[in-house]
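Undergrad: Just the structure for this:
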Amino acid sequence: MRPLIIGGGPAGTAAAITLAERGVSARLIERRVHRSSEKACGGLLTPRAARLLVSLGLEIESIGRPIDSIDLVARGRRQRVGWPTSTGVGAGVGSTSGIVVSRTRLDSALLDRAGELGVEVELGCEALEPIVDRGFVRGVRTANGDVESTEAADLLLVADGANSTFGRALGTTRRQDWPSVSALRVVLESTSADRRGIEFHLDLERGPGDGLPGFGWVFPVDDNTVNVGVQVASTARDATAVNLHLLLERLLERIAGPWGVSEDPADAVERAEGTRTPVGDSIVPVAGPNFLVAGDAAGHASPLTGGGIEAALRLGIEAGEVLTAATRTAPDALQAFVPRVRAIHADHHKAARQIVRLSGRPLGSRLLAMLATTSWGAPTMMRFALAEFRATGGAAETLHSVAKLLGRVAPEA
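TA: Got it, this is the predicted structure:
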């Protein structure tokens, strides 16, 4: 059985690389003709995500800018923290520094790596619809330009991004009452981009005192440009009326001086608007009789950070391992994927969904922003948000334990 992978982003390519490294022939199709990405993505990878890239055979020094520190900013207060880790110590290349990457460069590097290992990669090939018989996917109807064709699919991974139309054709649905996030970002020329630190602005407001569940970011991409964006969760009051363009303009006014950027988004060298992205495992099912769904197509991103690249890489690798087992036994081996996903982040995502609901209230967002800019709260909240928990315990671990306990009796959020 030869797995077919739909989607050439981090989840699809991580799965393809994993399959190839285990000696399994795979085919990957990607609807983009070129390797450029228009996602409203900050491109920030934690040290844990950087290690995943290293494990997949990438040289992270060539694709990203090292980031050593994080500034949490709100209402005139600022706290600088280092990257939290589960051990508190480093363990090799990329272990204690995060990186900011261009999504175009990252996706290209992952596709190149898959090709080097023998994965058959076809760009410009769009998966139109599945051919299903008695619940099993038997094939996929595809189109490359004006040429349509049908190809067999004994095993399938759907990793074609947020709001996957192909996934919906297989019966996946989003839990409408669970959070999602919307983002908008621009890349601007900067006279102060030669830094190894980033900023999160936690005090986004629709109006005075009307705090929002989200944040703004400023990430240096290279020595000359910065990625600036805003993200808001759907738990905000009247979320559909939130004006992301206005929030971005206000953030640019605030950072224009310190970062040496234009206050006008029209001066951007690169611009992308994000659609609503499902988060926190809000897409079900993610495993069928002979198919899996991973990455943004499965809503695997964190509800707290909206960071989907790390989740896509991690769950793409898991999908690759499960698909490998299925090629050597039977398709029902794919059912192991769901418990693997749950073991990785189910408890944390459930707690995170509750926190995002809390921050949807103006008072909740203000309290969280105030806590995150204290000397005690900043490292604690960063470790909790990134799920970097230590066996030795601490405030973040206590918070996580309490959240897990409450989660057993609290309704799903």
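Undergrad: tell me which element residue 343 falls in.
TA: Using DSSP states H and E, residue 343 maps to helix 337-359.
Undergrad: try residue 194
TA: Here residue 194 is assigned to no helix or strand, by DSSP H and E.
Undergrad: In space, what's closest to it - neighbours in sequence excluded?
TA: residue 223 (4.7 Å; CB to CB, 6 or more residues apart in numbering). Yep, even glycine has a C-beta here, placed from its N, CA and C like the rest.
Undergrad: same question, residue 190
TA: Spatial nearest neighbour of residue 190, chain neighbours left out: residue 226 (4.4 Å); criterion: CB to CB, 6+ apart.
Undergrad: Same check on residue 274?
TA: Excluding the flanking residues, the one nearest residue 274 by CB to CB, 6+ apart is residue 40, at 2.9 Å.
Undergrad: That neighbour and residue 181, how far apart?
TA: Distance, residue 40 to residue 181, by CB to CB, to the nearest Å: 10 Å.
Undergrad: Which one's more surrounded, the two?
TA: Taking other CB atoms under 10 Å, residue 40 and residue 181 do not tie; residue 181 has more neighbours (28 against 23).
Undergrad: for the closest residue to that one other than its chain neighbours, helix, strand, or coil?
TA: Once flanking residues are discounted, residue 181 sits nearest to residue 306: 4.4 Å by CB to CB, 6+ apart. Assigned with DSSP: H, G, I helix; E, B strand; the rest coil, residue 306 falls in the coil class.
Undergrad: Residue 306: neighbour count?
TA: Residue 306: 26 neighbours (other CB under 10 Å).
Undergrad: residue contacts, it?
TA: By CB atoms under 8 Å, 6 or more residues apart in numbering, the residues touching residue 306 are 181, 183, 231, 277, 279.
Undergrad: Bridged to the second one, which residues?
TA: Counting by DSSP bridges, residue 183 is bridged to residue 231.
Undergrad: Surely it and residue 227 touch.
TA: No: checked against CB atoms under 8 Å, the pair residue 183 and residue 227 is beyond contact range at 11.1 Å.
Undergrad: Now the common contact residues for those two.
TA: residue 42.
Undergrad: Was I right to think residue 254 contacts residue 199?
TA: No: with contact defined as CB under 8 Å, residue 254 does not reach residue 199; the gap is 9.9 Å.
Undergrad: ok, the residue nearest to residue 274 - contacts?
TA: Contacts of residue 40 by CB under 8 Å, 6+ apart are 183-185, 229, 272-274.
Undergrad: From residue 338, how far out is the residue of the chain most remote from its centre?
TA: No residue in the chain sits farther from the centre than residue 134, which is 33.3 Å out by CA atoms, centre = their mean. Computed as CB to CB, the residue 134 to residue 338 distance reads 21 Å.
Undergrad: Same question for residue 164.
TA: 18 Å.
Undergrad: Comparing the two, which residue is more hemmed in?
TA: Set residue 164 next to residue 338 and count neighbours by other CB under 10 Å: residue 164 wins out with 24 against 16.
Undergrad: Where does the prediction get shaky in the stretch 301-413 of the chain?
TA: Where the stretch 301-413 of the chain drops to pLDDT under 70, the residues are 406-407, 409-413.
Undergrad: try 50 this time
TA: Along the stretch 301-413 of the chain, no part satisfies pLDDT under 50.
Undergrad: where exactly do the helices run in it?
TA: Using DSSP state H, counting those that start in this stretch, the helices of the stretch 301-413 of the chain run over residues 309-328, 337-359, 362-372, 377-385, 395-409.
Undergrad: what residues are up against the residue lying closest to residue 55 once chain neighbours are set aside?
TA: Of all residues not flanking residue 55 in the chain, residue 317 sits nearest, at 7.8 Å (CB to CB, 6+ apart). Contact analysis of residue 317 by CB under 8 Å, 6+ apart lists 14-15, 18, 52, 55-56.
Undergrad: Where helices are concerned, which of those count?
TA: 14-15, 18, 52, 55 (DSSP state H).
Undergrad: can you give me the strands in the stretch 151-300 of the chain?
TA: 155-158, 173-174, 180-189, 197-201, 214-220, 225-233, 270-273, 277-278, 283-284, 291-293 (DSSP state E, counting those that start in this stretch).
Undergrad: The spatially most central residue of the chain: what's its closest spatial neighbour, skipping adjacent residues?
TA: By CA atoms, centre = their mean, the mean C-alpha position of the chain lies nearest to residue 308, the distance being 0.5 Å. Leaving out its chain neighbours, the residue that sits closest to residue 308 by CB to CB, 6+ apart is residue 301, at 3.6 Å.
Undergrad: Residue 205 against residue 212, yeah?
TA: Yes: judged on CB under 8 Å, residue 205 makes contact with residue 212 at a distance of 6.4 Å.
Undergrad: With neighbour numbers in mind, choose between the two.
TA: More neighbours surround residue 212 than the other of residue 205 and residue 212, with 24 against 16 (other CB under 10 Å).
Undergrad: State the phi and psi torsions of the residue nearest to that one when sequence neighbours are not counted.
TA: Excluding the flanking residues, the one nearest residue 212 by CB to CB, 6+ apart is residue 204, at 4.5 Å. Backbone torsions for residue 204, taken as degrees, to the nearest 10, come to phi -60, psi 130.
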